[in-house]
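*Asks:* got a sequence here, can you model it:
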Amino acid sequence: MKSKIFNLKFLIAIFIIVAILTVAIVLLVINSQTANFVEVSVNGKIVETISLDVDKTVEINCENGYNIINIKNHKICVIEADCFGHDCVLMGYQNKVGQTIVCLPHKMVIELKRK
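*Replies:* Residues are numbered from 1 along each chain as shown. Below you'll find the model as predicted:
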């Protein structure tokens, strides 16, 4: 009797471990995809949709300042901003689906996506 209970608990534990590993692998595959466009939103409203296929520089004007975005080699970063702290500039280049670049003082969010 104890042997059957032990075997059942063991099988349940193995099933849970396999399920967790499967979810982890799926998330890794999804997050490892390279983005091909970004949505830039200010105050929660999308103000720009930009392809990462063409190298260029874009200025995003906000109510209380600006951010200059650089797209190069299918990657994006904020290269200049007049906000306090410059955390958005320090985030560097991003290129994976699901990554974001955020400028809290300007309420700007850049979300990397794939069509």
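
*Asks:* what segments of the chain are strands?
*Replies:* Remark: strands assigned in the chain by DSSP state E are 37-42, 45-51, 56-62, 65-72, 75-81, 100-103, 108-113.

*Asks:* and those strands as TSV, adding mean neighbour count, mean pLDDT and distance to Leu21?
*Replies:* C-beta coordinates here come from the backbone N, C-alpha and C atoms, glycine included. Converted to TSV, the strands of the chain look like this (neighbours: other C-beta atoms under 10 Å; pLDDT from 0 to 100; distance: least, C-beta to C-beta, whole Å):
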stretch	mean neighbour count	mean pLDDT	distance to Leu21
strand 37-42	18	96	31
strand 45-51	12	95	35
strand 56-62	14	95	41
strand 65-72	18	96	36
strand 75-81	20	96	30
strand 100-103	18	96	27
strand 108-113	20	96	26
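
*Asks:* could you work out which of those strands reaches nearest to Val29?
*Replies:* strand 108-113 (16.0 Å; C-beta to C-beta).

*Asks:* just confirm Thr57 contacts Asn67, I think it does.
*Replies:* No - between Thr57 and Asn67 there is no contact under C-beta atoms under 8 Å: 11.1 Å.

*Asks:* now do the longest helix along the chain: distance to the chain's middle.
*Replies:* The residue-count maximum for a helix in the chain (DSSP state H) belongs to helix 2-31. In terms of C-alpha atoms, centre = their mean, to the nearest Å, the centre of helix 2-31 is found 28 Å from the chain centre.

*Asks:* how about stretch 62-70?
*Replies:* Centroid separation between stretch 62-70 and its chain, computed with C-alpha atoms, centre = their mean, is 19 Å.
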